[in-house]
Structure formats: structure tokens, C-alpha cells
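Engineer: could you look at this predicted model? Sequence included:
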Amino acid sequence: MLNKIFKLKENNTTVKTEVIAGITTFMTMAYILAVNPSILAEAGMDPTAVLLATCIASFIGTALMAFWANLPFVLSAGMGLNAYMAYTVCGQMGYPWQIALLAVFTEGIIFILLSLTKVREAIFNSIPLQLKTAVSVGIGLFIAFIGLQNAKLSVDSSTLVTIVNFTENFSTVGIGALLAILGTLLMAILYVKGVKGSILIGILVTWGLGMLCQLIGIYVPNPEAGFYSLYPTLGFTDFTKLGETFGQCFDFKVLKEHGVDIFNFIVIIFSFLFVDLFDTLGTLIGVSSKANMLDEEGRLPNIKPALMADAVATSAGAVLGTSTTTTFVESASGVAAGGRTGLTAITAGILFLVSTLFAPIFTAIPSFATAPALIIVGFLMFSNIANLKLTEDNYTTAIPAYLCIIAMPLFYSIAEGISLGVISYVVMNLACKKWKDISPVMYVLAVLFILKYIFL
């Protein structure tokens with residue numbers, strides 16, 4: 001039956017190979033179950049509710065990918081997009097998380113419509129490759145900066161930021177920051193050695209070292225300062241917690257009480273859509289290329305249902321209570337293990353569903369243990385900088401890409417990076433009389449972003 005559903009023989013694979021590949025993919029991306037609740041908790045959301053929503057949305061999206069597109073790609077809450085929601089939309093802009101989820105839901109609906117038409121290709125082709133790459137690189141730096149802050153390694157100072165004083169409050173802040181450094185080095189070494197699940201292993205080992213430090217008295221819990229016992233409370237998952245986020249994106253009472261500037265809301269939606277669209281396309285093409293799934297013209301035959309699965313999962317995830325659900329580049333690990341069909345995907349999806357039973361464990365993991373994951377994932381995204389062409393004959397594109405990259409961490413906003421990249425690209429190419437290099441869509445985007453700075 002599995003052979004008939006997933007066309008295993010046609011893809012020169014077996015049930016055993018696909019299942020192992022699915023387990024491998026899950027292990028490499030299971031860190032999201034510890035990291036996502038930690039990040040979205042900063043927006044005021046309940047960690048257990050976020051974890052349950054993440055697991056269920058991951059299963060839904062991955063199941064759709066498996067049965068609609070029959071591809072070995074796994075979906076979950078996207079890194080960078082969760083940070084944008086928590087730290088920019090809810091933090092910097094001050095919107096309640098319910099409104100942020102409404103933006104995610106709306107973005108998903110738009111993505112569905114774009115996936116049904118050729119508009120998606122038009123938008124994708126209108127954005128210069130350098131800027132697409134710059135967005136990924138900038139998000140990598142942004143995520144890494146958040147990781148340094150969560151680890152308490154980067155702290156406020158007269159120079160805006162500096163490294164923490166390890167000796168001051170060593171039993172809480174100091175030891176946590178030190179363990180974060182050890183965790184980052186451990187993850188990096190395991191990743192370089194090709195160990196499957198290196199990021200998840202790094203999180204668990206760092207957490208274990210923290211519990212050992214608490215046992216021998218080096219780490220001393222101080223609830224008043226926000227440092228709690230590192231030992232998890234064993235018990236069953238409180239599935240009723242999901243009710244705290246389920247359907248809250250339609251809480252129009254919050255929308256009415258808070259008030260939303262329509263232009264700002266459109267910018268938020270566009271930022272989610274921009275990153276999700278290009279991140280998904282880049283992941284699908286990149287991983288498919290490694291698996292030799294592309295046709296002679298370099299296209300992925302089943303990309304339309306794959307994009308549809310991604311889009312539906314995004315809206316479903318918003319309804320459940322999590323940030324944008326997207327295709328994970330870690331799917332490459334399953335492909336490297338031999339995964340070629342949707343059986344790989346559904347295997348990982350089922351494991352996400354099973355993970356709901358262990359919510360108390362995942363939500364108890366301290367921030368100094370998850371922070372190294374942000375730093376390493378940031379590096380993986382930053383590594384795309386190698387694809388940037390930084391030569392004199394390309395400066396009108398390279399400089400806007402550079403501005404896009406540095407703006408994200410320094411202005412603490414993915415949206416600001418995108419807007420500055422787009423505006424500077426149009427202005428520089430106009431000034432240098434390279435009108436032919438500017439697509440009509442880029443003109444529209446630049447004008448909208450300029451209006452945003454003038455009136456907001």
C-alpha cells in the first residue's frame with residue numbers, strides 16, 4: 001500500500017530507507033520544539049500552547065506535503081519569522097500576539113492565492129537574486145544576535161551592547177552565559193562531524209550540564225530574577241492549554257481595543273509573505289537540487305502542490321497559535337539519508353504529533369540551552385553570504401544587499417532590512433541610469449516603503 005501511495009519503486013527507494021530518513025529529518029529540526037515556545041513566550045504567549053500548536057501545525061503541513069506533492073520535505077515554525085513576530089511585531093511595534101497571528105493567517109491566505117496563480121513567479125522573478133540572498137543572511141545575523149541576548153552574553157552598556165561580566169551574578173547570569181558558550185561550541189563540533197540531530201543533542205547536553213551545576217550548587221535558582229530550577233516537573237501535557245491560542249487570531253475584540261494602522265498592518269503582512277515566499281522557494285529548489293529532483297530546466301515538477309502545502313500550513317498554524325509554518329532546510333538531512341518521497345515527510349510529521357505528549361519537558365528547557373541553537377542556525381543562514389557577488393560591476397545591487405543585511409540586527413527588525421534593501425536598490429539603480437534592471441514591482445515596493453517612513 002505504501003509503495004502505491006508514495007511510488008517508492010518509481011523513486012528507487014524503500015520503506016526502511018524512507019522511515020530512517022524521516023527520523024533523521026525530525027532529529028535535525030526537533031530543536032524548534034524547545035526554541036519556538038521560548039521565543040514566542042517573549043510575545044506573551046503560553047509556552048505549552050505554542051508547543052502544541054507548533055507540533056500540530058507541523059504535522060498538518062508535513063502531511064499535506066507528503067500526500068499532495070509526495071516530496072520528502074518537512075514543515076514547522078520557521079526560524080526568523082518567529083523572531084520577527086515576537087521581537088519586532090509584538091516587541092518593537094507593540095502589537096498584541098493575537099494581531100500578529102492575524103497577520104500570519106492573512107499572509108497564508110495570500111500565499112494560497114499566489115500558489116494558485118502565476119503571480120508568485122512574477123514576484124519572485126522581480127526581486128534581484130542579491131536581495132533574496134541578503135534577506136537570508138540578514139535574518140541569520142538577527143537570529144544570532146537574539147541568541148546572544150537570550151544567553152545573557154550580550155548585555156546593555158554605555159556602548160549600547162557589550163559582553164556580560166561573568167563574575168557578577170555568576171550563580172545565575174554568569175554560569176548560564178558560560179554554559180551557552182559551551183553549548184554553542186558543542187553544537188558546532190557535532191555539526192561539523194556530521195552527527196545527526198547535532199542541534200538537539202547540544203540543547204539537551206547543555207541543559208544537562210545546567211542541572212548538574214544546580215545539583216552541586218554552582219547554579220542557584222533565583223525566581224525573583226527570572227532564574228528558575230532547571231529540573232522539569234514530570235507530568236502529563238495539559239492539552240487544554242491549546243485553548244489559550246486556538247482561534248485567537250480572530251479575536252476582533254483585541255483588534256478593536258488596540259487599534260491597528262492599516263498601512264503598518266500591510267507592511268507586517270508583506271514582511272511575513274516576503275520572507276516565507278523566498279525562504280520556501282529557496283529551500284525547495286536547494287534541497288531538490290541535492291536530491292536530483294529537478295527537471296532539465298532546473299524546475300521542481302511538484303512545486304505547485306508543495307507551495308500550496310506550505311501556504312495552507314501557515315494559515316492553519318496561525319489558527320492553532322504559532323508563527324509562520326514553512327518548509328525547513330533541515331529536510332536536506334533526510335534527503336542525504338536517502339529520503340525521496342512523502343513517506344519521509346509523513347514519518348517526521350507523525351513524530352511531531354507524538355512530541356505533544358512531552359510538552360512539559362520541552363517547555364522546561366532554559367534559554368541558555370536554546371540560545372546556542374539560535375546562534376548556530378544563524379550561522380547556517382549567514383553562510384548564504386558566499387552566494388553574494390561583491391564586485392565593482394555589481395555594486396548597485398551589492399550595496400543594497402549589504403544595507404539589508406546590517407539593518408536587520410542593528411535596527412532589530414527584519415522588516416527594516418527588507419525595506420532599506422528595496423529602497424536603496426531602486427534609488428541607486430535610478431541614479432546610475434540602470435533603469436532596465438528595475439522591475440515595476442520593485443518601484444511599487446520602494447514607493448510603499450518610503451510612504452511608510454513619511455507617514456508612520
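Structural biologist: The structure has been received and is ready for your questions.
Engineer: contacts, neighbours, all on C-alpha from now
Structural biologist: Will do.
Engineer: any idea how far Ala34 lies from Ile365?
Structural biologist: Separation of Ala34 from Ile365 (CA to CA, to the nearest Å): 7 Å.
Engineer: okay, the residue nearest the centre of the chain: pLDDT?
Structural biologist: For the chain, the residue sitting closest to the mean C-alpha position, by CA atoms, centre = their mean, is Met79 at 1.5 Å. In this model, Met79 is scored at 79, pLDDT.
Engineer: in three-state terms, label it for me.
Structural biologist: coil (DSSP: H, G, I helix; E, B strand; the rest coil).
Engineer: OK, contacts around it?
Structural biologist: Contacts for Met79 (CA atoms under 8 Å, 6 or more residues apart in numbering) come out as Ile143.
Engineer: and it, its phi and psi?
Structural biologist: phi -70, psi 140 (degrees, to the nearest 10).
Engineer: find the nearest non-adjacent residue to Gly243, please.
Structural biologist: Of all residues not flanking Gly243 in the chain, Ala49 sits nearest, at 7.5 Å (CA to CA, 6 or more residues apart in numbering).
Engineer: is it true that that neighbour touches Gly247?
Structural biologist: No - between Ala49 and Gly247 there is no contact under CA atoms under 8 Å: 12.0 Å.
Engineer: tell me where the stretch 1-150 of the chain is predicted with low confidence.
Structural biologist: 120-125 (pLDDT under 70).
Engineer: shared neighbours of Ala49 and Gly247, anything?
Structural biologist: Shared contacts of Ala49 and Gly247 (CA under 8 Å, 6+ apart): Gly321.
Engineer: ok, these two, which is more surrounded?
Structural biologist: Neighbour comparison, Ala49 and Gly247: the larger count goes to Ala49, with 25 against 18 (by other CA atoms under 10 Å).
Engineer: residues contacting the more buried one?
Structural biologist: 239, 241-245, 321.
Engineer: buried only: go through these for me.
Structural biologist: The neighbour-count test (16 or more other CA atoms under 10 Å) marks 241-242, 245, 321 as buried among the contacts of Ala49.
Engineer: now do the strands in this structure.
Structural biologist: Under the criterion DSSP state E, the chain contains strands at 75-77, 154-157, 160-163, 325-327.
Engineer: out of those, nearest to Leu420?
Structural biologist: strand 160-163 (22.2 Å; CA to CA).
Engineer: what's the pLDDT at the residue lying closest to Asp156 once chain neighbours are set aside?
Structural biologist: Nearest non-adjacent residue to Asp156, counting by CA to CA, 6+ apart: Thr162, 6.4 Å away. On the pLDDT scale, Thr162 is placed at 92.
Engineer: measure Thr162 to Leu131 for me?
Structural biologist: Distance of Thr162 to Leu131, given as CA to CA: 30 Å.
Engineer: ok, the two, which is more surrounded?
Structural biologist: The neighbour count for Thr162 versus Leu131, taken as other CA under 10 Å, is higher for Leu131 (24 against 12).
Engineer: now the more buried one, nearest residue through space, not along the chain?
Structural biologist: Leaving aside its chain neighbours, Leu131 sits nearest to Ala401 (5.2 Å; criterion: CA to CA, 6+ apart).
Engineer: from memory that neighbour sits against Ala134, does it?
Structural biologist: Yes - under the criterion of CA under 8 Å, Ala401 is in contact with Ala134, at a separation of 5.2 Å.
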